[in-house]
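[1] Predicted coordinates and the sequence they were generated for:
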Amino acid sequence: MFATTANDAYGPKPHDYTILQAFEWYIEGGGKHWKTLKDQIPILAEMGITALWLPPATKASGGDSVGYDIYDLWDLGEFSEKGRGPSTKYGTKEDLLDLIKTASDYGLVCYLDAVLNHKFGADFTERFEAMPVRRDNRMEDIPPSRVIEGWTGFNFPVRNGQYSSMKWHYNHFTGVDHDQATNQDGIFRVEGPNKGWAWAVDSENRNYDFLMGADLDHSNTEVYKDLFDWGTWVVQETGHVGFRFDAIKHIDETFIAKFVAHIRENSGKDKLFCVGEFWKDSLESLNNYLDRLDQQFSVFDTPLHYNFKEASDSYERFDLTRIWDGSLVSNRPVDAVTLVDNHDWVQAWFKPLAYAMILLRPAGYPCVFWGDLYGCRAGNDGNIPNNPPAQQPIHGLGDIIKARKLFSYGELKPENDYWNHPNCVGWVRTGDQDHDGCAVVLCNGTQAGTKVMYVGTDHAGEHWIDLLGWTPGEITIGNDGKAEFRCPSRSIGIWISKNARGCDEFLKKPN
């Protein structure tokens, strides 16, 4: 599993690995975030976070943009393009490098968000032949083709050839979404020799190559070379040890496979971790993608996320024994990056249950959302009518992460997995030679949850407590190694022996 080997090779930690998505959509701008995140590194390390998924560090078309409207991959906050200062929304290149080094000093690795599907914010327009196509069927033309004026000229005048001399023109793209000459929005496929949509993409809308902006033509040899060169350069320049690839179902999968192989071979990091965003509620689509890729690669377990959303919307009507149905982690755990949310889709009441499921079980590589740990700022996008309200942090999430670090160890055998009731389930982690285990119970019903579970006769007579303190009192393990574990309604309990190794560290507060 590359999640393990990458962490072992580049940031060894003596406990379970956990990713933090280290941003949310409305995180404070103004070039402050890299410094803010750096200041949090000691706390995150003590909590049990071992990897940071960083937002796009490359220059976007908007000064305070989240970064997915990519302008220049080669500018990490160094050049004052577009009449703005050098900083991205998150900070300068110097701030970024300082953050990654500080993370490494505390044993955390960093994964960089790679936006390789499209570009925005061109420096000038160009005129070229293009064919309008239907939005809901990209293979159906709306003739006739015509000459349009598209934003496809990128020459990066301030960077002026430093790091890369490539200048981008219309022939480097497969399509655009705006004709400046007529001020018309749409989808316009660039016409010309050897031009057309990529085929090895998702089949939604019959072909989902085009997503937005100016869509990169990954079959163009100049595009191909510049992206390969960038991938090697950015790993060596920053010291990060992995990529999160944006919008991979819109990118030719052959390109992704070759890009990953090239970077692992040429960057000096042959165990580079790679995870892709294939955002589709379809286990079949995820499996087929991974089967064809011919490279070790992970994807986010989107079907599990949608199961969590359904469970949160359905309350006690949802049968918890079905929570893993159709999920990648139950089918292909070695390639699954599990997540609860990365916006506010899953209702807050259910998130402690969902996080217990991804953090306190052995399968998958869990990813925690910044907005759930620290809260989300209220939306401030003037282009949409209903901005989301501020979101509060999820109560106890830091403690659940720390419980993973200290107690979530040992094989999970079938006889220790109690998924035998639609509203109350549980499991027992038996521990390993360096860690004591835990017993977890969770309930989505309106009454308190109880579950009789076996922890072993070697624990007979021990007094156990709820680590979170949400269920008061103690329970005593019987001579048969069993006890009745409890949790509040619509909540969880994480039970450990009062004398378990790690108790003192769990109770220790960060400086």
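    Nice, thanks for sending it over.

[2] Identify, by residue count, the longest strand of this structure.
    In the chain, taking DSSP state E as the definition, the longest strand is strand 124-133.

[3] so where do the helices sit in the stretch 51-200 of the chain?
    Here the stretch 51-200 of the chain has its helices, by DSSP state H, counting those that start in this stretch, at 93-105.

[4] Do a quick rundown of the strands in it.
    Secondary structure of the stretch 51-200 of the chain, counting by DSSP state E, counting those that start in this stretch: strands at 51-54, 59-60, 70-72, 109-114, 118-119, 124-133, 146-153, 173-179, 184-190.

[5] And these: which comes nearest Met357?
    strand 51-54 (19.6 Å; C-beta to C-beta). For the C-beta atoms, the positions are set from N, CA and C on the backbone; glycine is no exception.

[6] elements contacting that closest one?
    Judged by 3 or more C-beta pairs under 8 Å, 6 or more residues apart in numbering; DSSP states H and E, the packing partners of strand 51-54 are strand 19-21, helix 93-105, strand 109-114.

[7] one more time with 6 Å, if that's ok
    strand 19-21, strand 109-114 (3 or more C-beta pairs under 6 Å, 6 or more residues apart in numbering; DSSP states H and E).

[8] Skip ahead from the shortest one and say which helix or strand is next.
    Scanning forward in sequence from strand 19-21, with DSSP states H and E defining helices and strands, the next element found is helix 33-47.

[9] Buried residues, that next one. List them.
    His33, Trp34, Leu37, Lys38, Gln40, Ile41, Leu44, Ala45, Glu46, Met47 (16 or more other C-beta atoms under 10 Å).

[10] Quick check: which helices or strands does it pack against?
    Counting contacts by 3+ C-beta pairs under 6 Å, 6+ apart, helix 33-47 packs against helix 93-105, helix 397-407.

[11] contacting residues around stretch 372-382?
    Glu24, Tyr26, Asn387, Pro388, Pro389, Ala390, Gln391, Gln392, Pro393, Ile394, Leu397 (C-beta atoms under 6 Å, 6 or more residues apart in numbering).

[12] Can you give me the buried ones in it?
    Across stretch 372-382, burial judged by 16+ other C-beta under 10 Å covers Asp372, Leu373, Tyr374, Cys376, Arg377.

[13] And stretch 120-136, by the same measure?
    Residues of stretch 120-136 classed as buried by neighbour count (16+ other C-beta under 10 Å): Phe120, Gly121, Ala122, Asp123, Thr125, Glu126, Phe128, Ala130, Met131, Pro132, Val133.

[14] How far does it stretch from one end to the other?
    23 Å (C-alpha to C-alpha, to the nearest Å).

[15] Check which element follows the helix ranked longest in the chain along the chain.
    Secondary structure of the chain per DSSP state H: the longest helix is helix 221-238. Reading on from helix 221-238 to the C-terminus, the next helix or strand found by DSSP H and E is strand 242-245.

[16] next SSE after that following strand?
    helix 253-266.

[17] then that next one to PDB, C-alphas only?
    Backbone C-alpha positions of helix 253-266 (Å, rounded to 0.1, in the frame of the first residue of the first chain) are rendered in PDB as follows:
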ATOM      1  CA  GLU A 253      -6.400   7.900 -17.900                       C
ATOM      2  CA  THR A 254      -3.400   6.900 -20.100                       C
ATOM      3  CA  PHE A 255      -1.900  10.300 -19.400                       C
ATOM      4  CA  ILE A 256      -2.500   9.900 -15.600                       C
ATOM      5  CA  ALA A 257      -0.800   6.500 -15.600                       C
ATOM      6  CA  LYS A 258       2.200   7.700 -17.600                       C
ATOM      7  CA  PHE A 259       2.500  10.900 -15.500                       C
ATOM      8  CA  VAL A 260       2.500   8.900 -12.200                       C
ATOM      9  CA  ALA A 261       5.100   6.400 -13.600                       C
ATOM     10  CA  HIS A 262       7.300   9.300 -14.900                       C
ATOM     11  CA  ILE A 263       7.300  11.200 -11.600                       C
ATOM     12  CA  ARG A 264       8.000   8.100  -9.500                       C
ATOM     13  CA  GLU A 265      10.900   7.300 -11.800                       C
ATOM     14  CA  ASN A 266      12.400  10.700 -12.200                       C
END
